[in-house]
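>>> Here is my input, please return the structure:
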Amino acid sequence: MKILIADDSPAQRLALQRAVEALGHDCVPAEDGEQAWQLYESGDPDVVISDWVMPGIEGVELCRRIREAGRRYCYLILLTSLDEKRHVMRGMEVGADDYLTKPLDTDELEARLASATRVTALHSRLADQQTELERLNRELAELARRDPLMGIGNRMRMHEDLEQIESDLGRNGKGYSILLCDIDNFKSYNDANGHQRGDDVLRAVAGAFAEATRGEDAVYRYGGEEILVLVRSDIPSVPASAAERLRSKVEGLALPRDAAGEGVVTISVGAAVRRAGDEGAEDAVRRADAALYRAKAEGRNRVVADDAVPAP
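Next up is the predicted model:
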């Protein structure tokens, strides 16, 4: 173990250092509490053995600071003279694990360090388990917000992201845009080709969206074969270009619409801008949906923009 010792007496410090090193541990000596605190911050020791009475930072204050630092567990041992033993509980209250009395008994030191080895190893395992648990929780949270078929965000993630971007809009006034996309005639495709082929198309379209969107934009499965894209810009030309890029990308996949190879899978897109002063996210989605409805009515495989967005 790496052991930091703090004692303002050169003779006692040297005796303690030799005893610690004789037991096979690395030793870092400090001349007082101030230096011990600096060495702790820079060195991250496994154990600190500190004299109680020192100039500057006393041993009990050093223990308190180490516990409040919130770093990995460090085993703390206070050195006291026999007439200071009545103060031991005060040290324990601020975080000390054990104590040694002066003059130093090397057998007692060996016993205390054996306990320190077990306790620090236990805390290390607990810390590793906590880290793994936090990682698993993050993965579960991510899975709960991802559509399992298409591999894009689901409506839970969409609502969370919209709440965040709405909050940002309230602070900085920066708006955004909504693209609502629908795979054309998808129900008839499923009926003709089967749901497995339909699932393949959904995954292929989601992959195309991932390639065609900017890193700052986000893609979500809105429902069925509908996909919502959140574009981080309220400049009308940006969502217009993004929508056309998506439409062209899907058409370029050249996925056959039927067994005879007649036609390819396409999408229709409705676009709407959300600016500060508008009614809100739900209104932006409603306007994008209305634009999408017009795109279908006008023949599909096209982008139709809300009145605030210029046609591509």
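>>> Quantify the burial of the nearest residue to G56 once chain neighbours are set aside by counting its neighbouring residues.
Take G56 and drop its neighbours on the chain: the residue closest to it by Cβ to Cβ, 6 or more residues apart in numbering is E34, 4.3 Å away. C-betas here are computed from N, CA, C, even on glycine. By the criterion of other Cβ atoms under 10 Å, E34 has 15 neighbours.
>>> Now do the same for E34: its pLDDT.
Predicted confidence (pLDDT) for E34: 92.
>>> Packing partners of the strand or helix carrying it?
Under the criterion of DSSP states H and E, E34 resides in helix 33-43. When contacts are defined as 3 or more Cβ pairs under 8 Å, 6 or more residues apart in numbering; DSSP states H and E, helix 33-43 sits against strand 2-6, strand 26-30, strand 47-51, helix 59-69.
>>> Listing partners with orientation, what would you give for the second one?
Just to be clear, that refers to strand 26-30. strand 2-6 (parallel) (DSSP bridges).
>>> Going along the chain from the partner strand, find the next helix or strand for me.
helix 10-22.
>>> List the buried residues in that next one.
Q12, R13, A15, L16, Q17, A19, V20 (16 or more other Cβ atoms under 10 Å).
>>> Could you single out the nearest of those residues to C74?
Of all the buried residues of helix 10-22, V20 has the smallest distance to C74: 15.1 Å, by Cβ to Cβ.
>>> Tell me the spacing between the closest one and R72.
Per Cβ to Cβ, to the nearest Å, V20 is found 20 Å from R72.
>>> for R118, same thing?
16 Å.
>>> before we move on, the earlier item: how distant is the helix holding E34 from the center of its chain?
Between the centre of helix 33-43 and the centre of its chain there are 31 Å (Cα atoms, centre = their mean, to the nearest Å).
>>> what's the answer for stretch 291-304, then?
That offset, for stretch 291-304, works out to 39 Å (Cα atoms, centre = their mean).
>>> swap in stretch 154-173?
18 Å.
>>> I am finished for the moment; much appreciated.
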